[in-house]
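**Q** Dropping the sequence and predicted coords here.
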Amino acid sequence: MGQEEPDLYRDTWVRYLGYANEVGESFRPLVPVPVVWASYAVATAYVTADAIDKGRKAAIAHPQDPTRVGVAVVDTFVWQSLASVAIPGFTINRLCAASLALLGSLTRWPLPVRRWTTTALGLAAIPLIITPIDR
């Protein structure tokens with residue numbers, strides 16, 4: 001009985017590239033918008049690479065069944081797009097927008113302090129958001 005090789009995109013540090021956009025959204029109050037877009041490019045590259053990897057593995061396991069390869073690619077791409085990019089990115093974006101607005105109306109803190117606080121809240125929320133999705 002051989003030991004199964006670890007999945008590069010789920011069992012190693014590489015999986016954290018899929019969460020780049022959450023970090024980008026957390027820093028949105030502090031960085032230019034193109035930096036946030038670049039974080040989405042990193043996360044999308046991760047999703048695409050994972051989908052290609054799953055398609056390659058399906059092609060090796062089922063060389064005579066291109067349908068299974070296609071399903072593996074599409075399933076992985078759709079799931080990872082939702083779980084790694086869309087849902088967490090939207091959630092962090094809205095959380096940070098709401099916290100920045102609330103801090104602006106409820107405190108007299110200077111704008112830089114409100115922006116850094118919003119970024120810290122966004123970063124702190126990432127594990128709370130991704131843990132249930134990962135499970």
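**A** Alright, I've got the coordinates. Numbers count the residues shown, from 1 in each chain.
**Q** I figured Leu121 hits Ile92, correct?
**A** No. The pair Leu121 / Ile92 is not scored as a contact, 9.4 Å apart, by C-beta atoms under 8 Å. Where C-beta positions appear, they are placed from N, C-alpha and C, glycine not excepted.
**Q** So which of those two has more stuff around it?
**A** Of the pair Leu121 and Ile92, Ile92 is the one with more neighbours under other C-beta atoms under 10 Å, namely 25 against 17.
**Q** From Thr119, how far out is the closest residue to the more buried one other than its chain neighbours?
**A** Distance criterion C-beta to C-beta, 6 or more residues apart in numbering; nearest residue to Ile92, sequence neighbours excluded, is Glu25 at 4.1 Å. Counting by C-beta to C-beta, to the nearest Å, the gap from Glu25 to Thr119 is 10 Å.
**Q** where does the chain have low pLDDT?
**A** 1-3 (pLDDT under 70).
**Q** Tell me which stretches of it form helices.
**A** For the chain, the helices defined by DSSP state H cover 20-26, 33-61, 66-80, 87-106, 111-134.
**Q** now for the second one, which elements pack on it?
**A** Using 3 or more C-beta pairs under 8 Å, 6 or more residues apart in numbering; DSSP states H and E as the contact criterion, the secondary-structure elements in contact with helix 33-61 are helix 20-26, helix 66-80.
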